[in-house]
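A.B. asks: With the input below, show me the fold.
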Amino acid sequence: SSDLTRIPVAVKTLKSTSRYRASYLECMHQEIDIFRSLPEHDNIIKLLGYAYGDFGVDGIARQCYIIMEFCPLRDLRTFLRENTHVGHEVYVDHVVDYDALYTDQDLLHFSLQLASALEFLESERVLHADVAARNVLVVTRQRIVLSDFGLARRMDDDSDLYIKTANVCFALWERNNEAF
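C.D. replies: Next up is the predicted model:
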């Protein structure tokens, strides 16, 4: 008998055909470094692990896997389109259960969770740099998490200003799971 518990996870990896593989791989290394340096927070996606693979003859990894908590309700943008209504229009693809739709109070609760995540990142001197509804994932109907730290950077201790000095990594990761 095993004491291991199976949990669903999401795995972020690079597209195998990316012609910008080296720069994207560097962004993933930076993302892992930031994740590892952060204490856990309820509204920041949890890093469960990471791995490197596809080593070349030079011994350098050409693939990276970031293993995170699974967010079954997908991104906030999609979730809200499917679970809220504006005026008389309802954005769902199935029979509408009006009791399950979100209220302004529910949306305020999501906003406060996102604000909590951003306040936490500021206290840790981390600039996310890509806050958008597509990067906010819905874990449960009451909990959201901020994800995708591919563009995130750590701020200098003596500055409240971040100046871009290197090429920006565009988030063109292959999403291996519906949650992303």
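A.B. asks: Quick check: phi and psi at the spatially most central residue of the chain.
C.D. replies: The chain has S147 as the residue nearest its centroid, 1.7 Å off, counting by CA atoms, centre = their mean. When read as degrees, to the nearest 10, the backbone of S147 gives phi -130, psi -170.
A.B. asks: Was I right to think it contacts N135?
C.D. replies: Yes: counting by CB atoms under 8 Å, S147 touches N135, with 5.4 Å between them. Any C-beta I mention is one placed from the backbone N, CA and C, and that applies to glycine too.
A.B. asks: Count the neighbours of the nearest residue to L151 once chain neighbours are set aside for me.
C.D. replies: Distances taken as CB to CB, 6 or more residues apart in numbering put A129 closest to L151, at 4.1 Å, once the chain neighbours are dropped. Counted with other CB atoms under 10 Å, residues neighbouring A129 total 14.
A.B. asks: Now do the contacts for the residue lying closest to H128 once chain neighbours are set aside.
C.D. replies: Nearest non-adjacent residue to H128, counting by CB to CB, 6+ apart: A152, 5.1 Å away. Counting by CB atoms under 8 Å, 6 or more residues apart in numbering, A152 makes contact with Q30, E31, I34, L121, V126, L127, H128, A129, D130.
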